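Colleague: the following comprises the amino acid sequence and a computationally predicted model.
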Amino acid sequence: MKKLLLSCGIAFSFFAQAQLNHLADFEDATDVGQYAQFGGGTFTSAAACSGDFGGQLQIGAVTTNGTVTQTGWMVLTEVLEEEFGKLNNGQAVDVSFNYKKAANSNGTLYVALFSYLPATNQWNVEYIGAGTALGAAAITTCQTKSATIPAGKMQPGQAYGIGAWVVGSANGNIFVDDINIAQQNVSTAPACTTFTNLTSGSVLPSGTNTISWNESPTAVNYYLKVGTTPGGTDVFNAAVTGTSQNITLAPNGTYYASVSPWNTVGQATGCTEVSFTTNNVITYCALTTNQPTAIAPIKSVNFAGVTNSSDPTATTIGSFAHYQDFTSTIFEVKDNVTTLPITVSGTTNGNPVNGWAMSVFIDWNGDGDFDDAGESYFNTTATMVRKAGVTDNPVVLTGNITIPSGVAYGQKRMRVKYNFASTAIHTALTTGCSQMGNGQAEDYTLDYQQFLAVGNVSKDAVSVYPNPFVDVVKISDIKGVKSITVTDASGRNVRTLAAASEINLAQLKSGLYFINLRYEDGTVKTVKSVKK
């Protein structure tokens, strides 16, 4: 939620190498126009940390009873840039603020970076540095919290917020004052860097690989080029924020890659290109989370007649794994169906204000990614499966998986994601590889099979002999046979047996019997046989 409280009309001129430098001391009540709040709180002049006016931000009561579980304040960098001429140059930012609190406000306090996502009209929060456990006792003398936002975390021209964030507090007010933001300046282009998982001659698996490199200290982003020829860019050619990028690589190929750091002064030149090859082992992208202590785990997934229970004892959000590998769980899907329902049961905090949603990704063509047409489900605001306005815990989400035409038979990777979502879908749910928020992802194996696994021609060729028989009946081919039943002339079932090439029916009386071979695809072959 973005909530501006006031506006301020002061303006200064822009200049090329400016950077954000700002002290929020709240000595003037109109300062509050530069800030936005999340969860709850207000601007107050009571019990300030410093200054004549005595102003500070009151974050407000953060509760564990389902009302608000995390909250904070931030300085709006776009306000600073537009109204004060303080430009974000992408370099490291030193952040500090003073705080104190009432008794029982025992959450964890962070310096936080907020990034605005125009596509979903949401703010994403990222914790910077280690959190400070506040404890139950009141803090009446102001303490200082500080951390450094690394270079490259903030991209020039994009909207951010910088401030304080509290997770999991009990009732009680927390006060923040003197938010100080000091962004470092830069006068030279960054130096070249080196890959961390690539050297000339490296052999990587095919599918989705995470190509990574060392940080160049003053870089804002990195231009990564990957191609199938020296200097080529046919695989990837774009600026990357951070020091890694997921790349989908074909099996048994030769590739060339280079990375060049960039900042507002210029781009590194002369950076070394490396060559590497791939084998035919397929890998998939790894996932991260920005809220490791506030994960809402998946409790179970039901699909194709199979239910996998993953976190059956979870009762609320907390410190859980953001990703779990259940690829040993196999969902068998036959080609005689075009749609199948999937049901995901997920943990919540019981807050009716919050919404929870799921998305599903299936690598139908087996190329190691979830990016091709027909491989994504419920991953847009228009198509998401979401439930809100209820206190359900767990919440149950159900949608239909449509199988694309022309899918080859065999095992496919299936990824299920569950996360908080407002009326606009959360970015964690938009792609198979996007970072998780306070939700969880699970991987499974989908085995796509032909409905007639044993052809009618081969079934017709199966013989049951001798006929008539005395005690033992032999079956010429039991491939695909799931079980065998024997019925008498009246239709009464007299024996049920496991599939075997020989069955002993010595205990039966003489007469006419029907031997029924029941196949895994649901069909039945029936043979008349006479016992002497």
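Modeller: Nice, thanks for sending it over.
Colleague: got the contact list for the most centrally placed residue in the chain?
Modeller: The residue lying closest to the centre of the chain (CA atoms, centre = their mean) is Met436, at 3.5 Å. Met436 is in contact with Leu287, Thr288, Thr289, Asn290, Gln291, Ile295, His322, Tyr323, Lys417, Asn419, Ala428, counting by CB atoms under 8 Å, 6 or more residues apart in numbering. Just so you know, the C-beta spots here come from the backbone N, C-alpha and C atoms, and that holds for glycine as well.
Colleague: in strands, which of those appear?
Modeller: Tyr323, Lys417, Asn419 (DSSP state E).
Colleague: buried subset of those as a PyMOL selection?
Modeller: In PyMOL, this line selects whichever of those come out buried by 16 or more other CB atoms under 10 Å:
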select buried, resi 323+417+419
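Colleague: same list (the ones in strands among the contacts of Met436) but as TSV, adding distance to Ser105.
Modeller: Formatted as TSV, the ones in strands among the contacts of Met436 follow (distance: CB to CB, whole Å):
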residue	distance to Ser105
Tyr323	32
Lys417	33
Asn419	27
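Colleague: give the rounded mean pLDDT of stretch 89-107.
Modeller: For stretch 89-107, the mean per-residue pLDDT is 85.
Colleague: using PDB, write down the CA coordinates of that stretch.
Modeller: Only the C-alpha atoms of stretch 89-107 are listed here, as PDB (Å, rounded to 0.1, in the frame of the first residue of the first chain):
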ATOM      1  CA  ASN A  89      22.900   7.300  -8.900                       C
ATOM      2  CA  GLY A  90      22.700   3.600  -8.200                       C
ATOM      3  CA  GLN A  91      25.600   3.700  -5.700                       C
ATOM      4  CA  ALA A  92      25.700   2.300  -2.100                       C
ATOM      5  CA  VAL A  93      23.600   4.100   0.400                       C
ATOM      6  CA  ASP A  94      24.400   4.400   4.100                       C
ATOM      7  CA  VAL A  95      21.200   4.500   6.100                       C
ATOM      8  CA  SER A  96      20.600   5.100   9.800                       C
ATOM      9  CA  PHE A  97      17.700   6.100  12.100                       C
ATOM     10  CA  ASN A  98      17.000   6.500  15.700                       C
ATOM     11  CA  TYR A  99      14.300   4.500  17.500                       C
ATOM     12  CA  LYS A 100      12.600   3.800  20.800                       C
ATOM     13  CA  LYS A 101       9.500   1.900  21.800                       C
ATOM     14  CA  ALA A 102       6.900   1.100  24.300                       C
ATOM     15  CA  ALA A 103       6.900  -2.100  26.400                       C
ATOM     16  CA  ASN A 104       5.800  -5.400  24.700                       C
ATOM     17  CA  SER A 105       6.700  -4.200  21.200                       C
ATOM     18  CA  ASN A 106       9.100  -7.200  20.800                       C
ATOM     19  CA  GLY A 107       9.400  -7.600  17.100                       C
END
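Colleague: what distance separates it from the centre of its chain?
Modeller: 27 Å (CA atoms, centre = their mean, to the nearest Å).
Colleague: got the buried residues for that stretch?
Modeller: Within stretch 89-107, the residues that qualify as buried by neighbour count (16+ other CB under 10 Å) are 89-93, 95-102, 104-107.
Colleague: so Val220 sits right up against Gly157, yeah?
Modeller: No: taking CB atoms under 8 Å as the definition, Val220 is not a contact partner of Gly157, at 10.7 Å.
Colleague: who's more crowded, the two?
Modeller: Comparing Val220 with Gly157 by other CB atoms under 10 Å, the one with more neighbours is Val220, at 24 against 10.
Colleague: now the more buried one: how far from Ile128?
Modeller: 17 Å (CB to CB, to the nearest Å).
Colleague: now do the SS call for Val203.
Modeller: Under the three-state scheme (DSSP: H, G, I helix; E, B strand; the rest coil), Val203 adopts strand.
Colleague: beta partners for it?
Modeller: Thr277 (DSSP bridges).
Colleague: test my guess that Glu81 contacts Asn88.
Modeller: Yes: Glu81 lies in contact with Asn88 (CB under 8 Å); the separation is 6.5 Å.
Colleague: so for the two, which residue has more residues nearby?
Modeller: Neighbour count, other CB under 10 Å: between Glu81 and Asn88, Asn88 has more, with 24 against 19.
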